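K.L.:
Based on what follows, work out the 3D shape:
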Amino acid sequence: MNIKKLTTAKQLLDKEFGKKGTETRKKFREEAYSYYLSEILKSRRLELNLSQEELAQKVGKKRPYISRVENGEDVRISNFVQIAMALNLNFDLQPV
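P.N.:
Residues are numbered from 1 along each chain as shown. Here you go, the predicted structure:
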């Protein structure tokens, strides 16, 4: 096996989504974070045996909104915090 032929994760990301700092890479990163955060919320909701409707009522939203959040389509930090609190989730925000 020739080690020089191995591809790093950075090389794959650069090839697929553009170099760090480009608009395409920035968009990929934002979508990846939205997906990651939405999966945390959905997993916790299911762990608590809450329906989307029940969670929506807890945060004063409608069920389709919770669905959009869980699909990574609408994960604003203010809404994330509100939903996370309703799900008894703790989190830390730290600079990168």
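
K.L.:
can we go C-alpha only for contacts and neighbour counts from here?
P.N.:
Noted.

K.L.:
Tell me the helix or strand right after the longest helix along the chain.
P.N.:
Longest helix of the chain, by residue count under DSSP state H: helix 23-47. Toward the C-terminus, helix 23-47 is succeeded by helix 52-59 as the next helix or strand (DSSP states H and E).

K.L.:
Can I get that next one in PDB, CA atoms only?
P.N.:
Extracted in PDB, the C-alpha atoms of helix 52-59 (Å, rounded to 0.1, in the frame of the first residue of the first chain):
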ATOM      1  CA  GLN A  52     -43.200  17.600  17.800                       C
ATOM      2  CA  GLU A  53     -46.600  19.000  18.700                       C
ATOM      3  CA  GLU A  54     -45.900  18.800  22.500                       C
ATOM      4  CA  LEU A  55     -42.500  20.400  22.000                       C
ATOM      5  CA  ALA A  56     -44.000  23.100  19.900                       C
ATOM      6  CA  GLN A  57     -46.600  23.900  22.600                       C
ATOM      7  CA  LYS A  58     -43.800  24.100  25.200                       C
ATOM      8  CA  VAL A  59     -41.900  26.800  23.200                       C
END
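
K.L.:
For the longest helix of the chain, name the packing helices and strands.
P.N.:
helix 9-17, helix 63-70 (3 or more Cα pairs under 8 Å, 6 or more residues apart in numbering; DSSP states H and E).

K.L.:
so it versus helix 52-59, what angle?
P.N.:
Put simply, helix 23-47 runs at 100 degrees to helix 52-59, going by axes from the mean of the first three to the mean of the last three Cα atoms, to 10 degrees.

K.L.:
what number of residues lie near Leu87?
P.N.:
For Leu87, the number of neighbouring residues by other Cα atoms under 10 Å comes to 19.
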